[in-house]
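> no sequence on this one, just coordinates:
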């Protein structure tokens, strides 16, 4: 028996579990009449110890608020049980601890951590199950009456170490733990979930045991998927190639592993089986397959295993079915270049045709008409100015009182001066004889003010002429009818004394 216990301790130490660091197996509480039955799996059975240790006795203590109750069991019993009584009205809670005291190998002994306070009043999680999709591993559970202070303790244990973590969710990702190292992904694992409320906790509910190592026994044994595989035809048969799984999968690439880790695979064809392998340093795994001439260039199956350096354990990959060879990639590249060239030509022709059609169908907008050049005299057709009505100037007839001989003798001038005609009268009368009036009043700039000025001038002249006539009419001897140019082609009839 001692030899069996020693072997168990050695196995657990090699598996990465130090002495005195074991977690207690999941505990189950069931109420029967006035007592509570406490049960759990024997630690050596739970941790997968070999059959040589069946005689090992595990001693444990069940503690309540009133007393401690001792118990023991062997690996042959598989399940350890102990019934505990509680007084009426007392909260039904227990705490367990245990060890293999007295079973030693030299100075080495091992025991199990105390469970903590387990109460029937705290509901346990239900339907705890593992979810594995290729390298993604997680555990999920159900809980019907979660309170604000309710949390869950997830304990991952097994042959390659332990992890305890708390969460308020109803699931937990295990991938980072399982794929942390070669030892982990080739190990044996289990998960327990415990509900916690304040200082109390429920019984621990275990999941199924699982492993990726097909040399270990577990309730669930998982496999991985092959990376994408190519089978390319060549002269002698075909070449099978795929990316090394140790580099293709991020989890395997980052995992701590030995340099001697390798991937082995087997290909079955009509000509028999062929084996290949690649190390962790090779990016691509390749294998040339001989296929008889005339035979279909296909392989029936492809199998693969990820081995550790010593090949004690391995991770199995899912078998792939029928694979048939495709043409060489060089042919595909040439065909692709030709298709791209043809596509570029066709696209260019289509673009040119579309541009031509648009040029023929689109209406060309008329060119803008040039602006009409403007003259300084503001003609009526000028669009830059508002049209102004043209003032009609009627012909003006000058009487003999307003006209005088343009040529006056010096003697007559003296008579006029003597008669008291001032210089302003002479200046007003002279422009009519010299044609000055026609130049000053024959333009478009005439306005109402100009007309008034003309009338005023005429009236003044008439008054002054009357005064002259009153003085004896000297200075006027005869009349001459004359035409006076008023400007802009307008003529006026005038007269002058001869």
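In hand now; what should we look at? The shown structure was predicted, so the numbers you read here are calculated from the model rather than taken from an experiment.
> per-domain residue ranges of this structure.
Domain assignment for the chain, taken from automatic domain parsing, gives 2-221, 231-326, 410-496.
> And those domains, which one averages the lowest pLDDT?
Here those differ in mean pLDDT, and the lowest is domain 410-496 at a mean of 49.
> What are the boundaries of the helices in the stretch 51-200 of the chain?
Under the criterion DSSP state H, counting those that start in this stretch, the stretch 51-200 of the chain contains helices at 175-178, 182-185.
> could those helices go into CSV alongside distance to residue 160 and mean neighbour count?
Glycine gets a C-beta too; all of them are placed from N, C-alpha and C. Output for these, formatted as CSV (distance: least, C-beta to C-beta, whole Å; neighbours: other C-beta atoms under 10 Å):
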stretch, distance to residue 160, mean neighbour count
helix 175-178, 9, 18
helix 182-185, 5, 22
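> quick one, which of those is nearest to residue 32?
helix 175-178 (36.9 Å; C-beta to C-beta).
> Show me what that closest one is packed against.
strand 136-142, helix 182-185 (3 or more C-beta pairs under 8 Å, 6 or more residues apart in numbering; DSSP states H and E).
> can I get the ones you listed in CSV with distance to residue 299?
As requested, these are exported to CSV (distance: least, C-beta to C-beta, whole Å):
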stretch, distance to residue 299
strand 136-142, 29
helix 182-185, 28
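> mind checking which of those is nearest residue 204?
Nearest to residue 204, of all the helices and strands packed on helix 175-178, is strand 136-142, at 11.5 Å by C-beta to C-beta.
> Can you spell out which helices and strands pack onto the closest one?
If you count contacts as 3+ C-beta pairs under 8 Å, 6+ apart, strand 136-142 packs onto strand 126-133, strand 171-173, helix 175-178, strand 188-197.
> what's residue 175 in contact with, if anything?
When contacts are counted by C-beta atoms under 8 Å, 6 or more residues apart in numbering, residue 175 touches 135, 136, 137, 138, 251.
> again, only using 10 Å
Shown in contact with residue 175 (C-beta atoms under 10 Å, 6 or more residues apart in numbering): 132, 135, 136, 137, 138, 251.
> same thing with residue 266?
Contact partners of residue 266, counting by C-beta under 10 Å, 6+ apart, are 273, 274, 275, 276, 277, 287, 301, 302, 303, 304, 305, 319.
> And for residue 116?
24, 27, 93-97, 153, 194, 196, 199-201, 204.
> coming back round to it: what's the closest of the helices and strands packed on helix 175-178 to residue 311?
With C-beta to C-beta, the closest approach to residue 311 among those belongs to helix 182-185: 12.3 Å.
> circling back to that earlier point, is it possible to export the contacts of residue 116 to JSON lines including neighbour count and distance to residue 125?
As requested, these are arranged in JSON lines below (neighbours: other C-beta atoms under 10 Å; distance: C-beta to C-beta, whole Å):
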{"residue": "24", "neighbour count": "22", "distance to residue 125": "17"}
{"residue": "27", "neighbour count": "26", "distance to residue 125": "14"}
{"residue": "93", "neighbour count": "21", "distance to residue 125": "18"}
{"residue": "94", "neighbour count": "25", "distance to residue 125": "18"}
{"residue": "95", "neighbour count": "19", "distance to residue 125": "19"}
{"residue": "96", "neighbour count": "22", "distance to residue 125": "19"}
{"residue": "97", "neighbour count": "17", "distance to residue 125": "23"}
{"residue": "153", "neighbour count": "17", "distance to residue 125": "10"}
{"residue": "194", "neighbour count": "24", "distance to residue 125": "8"}
{"residue": "196", "neighbour count": "17", "distance to residue 125": "11"}
{"residue": "199", "neighbour count": "9", "distance to residue 125": "18"}
{"residue": "200", "neighbour count": "16", "distance to residue 125": "15"}
{"residue": "201", "neighbour count": "23", "distance to residue 125": "11"}
{"residue": "204", "neighbour count": "25", "distance to residue 125": "9"}
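> Now for those residues: which two are most distant?
Spatially, the most separated pair among the contacts of residue 116 is 97 and 196, at 18.6 Å (C-beta to C-beta).
> ok so, going back, buried among the contacts of residue 266? Need that as a selection in PyMOL.
Selection of buried members from the contacts of residue 266 for PyMOL, criterion 16 or more other C-beta atoms under 10 Å:
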select buried, resi 274+276+287+302+303+304+305
